[in-house]
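A.B. asks: Only the shape, not the letters, is given here:
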DNA sequence: TATTGTTATACTCTATAACTATA
DNA sequence: TATAGTTATAGAGTATAACAATA
């Protein structure tokens, strides 16, 4: 057992993540989005030709069945659309609509501001280390 | 919107936290515990005279009603007990039993190993920065 | 036979409000 | 009246299994 729970990396990650998630969701609520929906939308915006749901699930660390639900919601909101892939008619490409790009842009700006607010306490160098460390933890364990 | 979702601190925190949490829960399952229960147990072990549920809720960032449930489960497992505080008979002090300390010690060792596995990729200095940065994010936004 | 997406289900986590007993 | 704990409930997140369409 760690000397103190406050030194436990898992605990610290969980707390920090929870705080940032809460702030992000507050910021996103103004745009009618939750964090997960925004993540799907952002990935759809990044890929000009769209992204398969299987790929989205992999990147986001979600079960494919969860992606179905999230995409359903985004489709209902008119922010993305499903297109049958020509190469493989089993796969549906999730593509951002014009409005999806507008909303994603605006929501992302607010979400970033909220998520990065706690980082003002860190130096530039610390922020880089944090980002890099989290990225490596992600790619290593994913 | 961040250039890429993969640069979003909130997203990175969420992914890293989720991975570590999953690994931690797998390690704790062998001891019949989940992460939240272990966190409560660990805090109870740290405080020789016990910790009020209100205090536990504050430190863990949980609603007091969630702590009730967690303590109920730990009591049922014989790992902690509730004691009415002499000073204020409204507050219940959560105290680890002898077995609670044994289980907490063993479970903590496994949980730490699981949680720190992804950190082997980071240098000593990076680990310190990560821990310190997460601690400051936590205390600042909490 | 294997894979993509889908539906269904159950369990955990999170958030909220209302109630009790003490102060 | 204010606070510590409790109960209840609903919504969001997570995990799993089974199924249809396509490869």
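C.D. replies: Nice, I can see it. Just so it is clear, the model here is predicted, and its values are computed rather than measured.

A.B. asks: where does chain A have low pLDDT?
C.D. replies: Across chain A, the ranges flagged by pLDDT under 70 are A:1-2, A:141-142.

A.B. asks: residues from it in reach of DNA strand D?
C.D. replies: Contacts of chain A with DNA strand D, taken as Cβ under 7 Å from any atom of the strand, map to A:34-36, A:62-63, A:65-66, A:88-90. All C-beta atoms are positioned from the backbone trio N, CA, C, and that covers glycine.

A.B. asks: what do you get if the cut-off is 6 Å, keeping everything else the same?
C.D. replies: Contacts of chain A with DNA strand D, taken as Cβ under 6 Å from any atom of the strand, map to A:34-36, A:63, A:65-66, A:88-90.

A.B. asks: Give me the contacts around the longest helix along chain A.
C.D. replies: Assignment by DSSP state H gives helix A:9-29 as the longest helix of chain A. With Cβ atoms under 8 Å, 6 or more residues apart in numbering or on different chains as the test, helix A:9-29 has contacts from A:5-6, A:34-35, A:37-38, A:107, A:110-111, A:113-115, A:117-118, B:9-10, B:13-14, B:16-18, B:20-21, B:24, B:35, B:39, B:61, B:111, B:115-116, B:119, B:130-131, B:134-135, B:137-138, B:141-142.

A.B. asks: go on, stretch A:97-116?
C.D. replies: When contacts are defined by Cβ under 8 Å, 6+ apart, stretch A:97-116 is touched by residues A:20, A:23-24, A:26-28, A:30-33, A:35, A:38, A:41-42, A:44-45, A:74, A:78-81, A:96, B:1-2, B:8-10.

A.B. asks: quick one on the thing from earlier: so which of the residues of chain A next to DNA strand D reach DNA strand C?
C.D. replies: Among the residues of chain A next to DNA strand D, DNA strand C is touched by A:65, A:90 when using Cβ under 6 Å from any atom of the strand.

A.B. asks: now for the residues of chain A next to DNA strand D, which pair is the farthest apart?
C.D. replies: Pairwise distances across the residues of chain A next to DNA strand D peak at 31.5 Å for A:35 and A:89 (criterion: Cβ to Cβ).

A.B. asks: okay, the two: which has more neighbours?
C.D. replies: Between residue A:35 and residue A:89, counting by other Cβ atoms under 10 Å in any protein chain shown, residue A:35 is the more crowded of the two (20 against 8).

A.B. asks: Of the contacts of stretch A:97-116, select the buried ones using a PyMOL command.
C.D. replies: If you want just the buried ones from the contacts of stretch A:97-116 in PyMOL, going by 16 or more other Cβ atoms under 10 Å in any protein chain shown, the selection is:
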select buried, (chain A and resi 20+23+24+27+28+31+33+35+38+41+42+44+45+74+79+80+81+96) or (chain B and resi 1+2+8+9+10)
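
A.B. asks: quick one on the thing from earlier: could you dump the residues of chain A next to DNA strand D into CSV with distance to chain B and secondary structure added?
C.D. replies: Output for the residues of chain A next to DNA strand D, formatted as CSV (distance: Cβ to the nearest Cβ, whole Å; DSSP: H, G, I helix; E, B strand; the rest coil):
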residue, distance to chain B, secondary structure
A:34, 12, coil
A:35, 7, helix
A:36, 9, helix
A:63, 12, coil
A:65, 17, helix
A:66, 13, helix
A:88, 24, coil
A:89, 27, coil
A:90, 25, coil
